[in-house]
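>>> Got a predicted structure plus its sequence, pasted below:
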Amino acid sequence: MEDDRARFVELFQRHYGAVMRYAARRVGQDRASDVVNEAFLVAWRRLADVPVTDSLPWLYATTRHVIGNEIRGRSRQARLAARIGESAELVMADHADVVVDQVRVRRALAELPERDQEALRLAAWEGLDAGAAAMVMGCSRAAYKVRLYRARRRLAAVLAPVKDRKTVDATFTSVANEGGSR
C-alpha cells in the first residue's frame with residue numbers, strides 16, 4: 001500500500017501540470033481542475049493499469065475519456081435548457097487582429113470531426129510523438145500518422161479562404177502555446 005501511495009504521488013507530481021494544460025485546452029480553465037481530479041482519481045483506482053515507464057499518454061487517454069463524459073453532460077444540459085426555453089448567448093470580445101485570427105483557427109478546428117481535432121491537438125498542443133499520440137487515441141502509430149495527415153489537410157481546406165498561410169500557421173501555434181485559453 002505504501003509503495004502504491006509513493007508511486008501515485010510521484011505520478012501526480014510529475015504529470016499534473018501537463019494533464020491540467022491538456023484538460024484546460026479542451027474544457028476551459030474553469031472546468032479543467034474537476035476533469036483532472038477525476039482523471040487522477042481513475043489513475044489511483046486503476047494504478048495497476050497505469051504504465052510505469054510512460055504514464056503520460058495513459059493519463060491523457062483517461063483524461064480524454066473524462067472529458068468525453070463532461071462534453072456529453074454539457075450536451076444534456078444544453079438540450080434541457082432548450083426544452084425549458086432558456087438560451088445562453090456566447091459573447092466573444094474582438095480586441096485585436098490576433099484574437100480574430102485565433103477565433104478563425106478555433107472555428108475552423110471546430111468544423112473538423114472530433115477525431116481530427118484530437119489528432120491535431122495531440123501533435124500541436126501536447127507535443128506528443130506519433131507513438132504516444134496513437135496510445136492516447138487508441139490506435140496504431142501508422143493509423144495515427146494517417147489521421148494526422150488527413151486532419152492537417154482538412155484544416156488547411158477549411159482555412160483555404162485565408163490568404164496568408166504563415167499567419168494562420170503562426171496563429172495556430174500561438175493558440176497552442178498560450179494553452180488554447182478561451
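Everything's here; your move. Please read all numbers here as calculations on a predicted model, not as lab measurements.
>>> going forward, measure contacts and count neighbours with C-alpha atoms only.
OK.
>>> Which secondary structure element of the protein has the lowest mean pLDDT?
Using mean pLDDT, DSSP states H and E, the weakest-scoring helix or strand in the chain turns out to be helix 165-177, at a mean of 58.
>>> low-scoring stretches of this protein, by residue?
Low-confidence segments of the chain (pLDDT under 70): 81, 83, 85-98, 161-182.
>>> Can you tell me the closest non-neighbouring residue to residue 12?
Distances taken as Cα to Cα, 6 or more residues apart in numbering put residue 40 closest to residue 12, at 7.5 Å, once the chain neighbours are dropped.
>>> Tell me the buried residues in the lengthiest helix in the chain?
As assigned by DSSP state H, the longest helix anywhere in the chain is helix 55-83. Within helix 55-83, the residues scored as buried using 16 or more other Cα atoms under 10 Å are 55-64, 66-67, 70.
>>> Now for residue 147, how many residues are close by?
20 (other Cα atoms under 10 Å).
>>> ugh, wrong one, I meant residue 145
18.
>>> do you know how far it is from residue 151?
Residue 145 sits 10 Å away from residue 151, going by Cα to Cα, to the nearest Å.
>>> for residue 159, same thing?
From residue 159 to residue 151 the distance is 12 Å (Cα to Cα).
>>> Straight-line length of stretch 39-59, end to end?
By Cα to Cα, the extent of stretch 39-59 from end to end equals 7 Å.
>>> distance between that stretch and the chain's centre?
18 Å (Cα atoms, centre = their mean, to the nearest Å).
>>> how close does the spatially most central residue of the chain get to residue 50?
Closest to where the C-alpha atoms of the chain average out (Cα atoms, centre = their mean) is residue 26, at 4.2 Å. Computed as Cα to Cα, the residue 26 to residue 50 distance reads 23 Å.
>>> And residue 63, by the same measure?
With the distance defined as Cα to Cα, residue 63 ends up 13 Å from residue 50.
>>> Residue 32 now?
Separation of residue 32 from residue 50 (Cα to Cα) stands at 21 Å.
>>> May I have the phi/psi pair for residue 50?
phi -80, psi 120 (degrees, to the nearest 10).
>>> That one touches residue 58, doesn't it?
Yes. Here residue 50 lies in contact with residue 58, judged by Cα atoms under 8 Å, at a distance of 6.6 Å.
>>> list the buried ones in the next helix or strand after the longest helix of the chain?
Once the chain leaves helix 55-83, the next helix or strand it forms, by DSSP states H and E, is helix 97-111. Going by neighbour count (16+ other Cα under 10 Å), the buried part of helix 97-111 is 101, 102, 103, 104, 105, 106, 108, 109.
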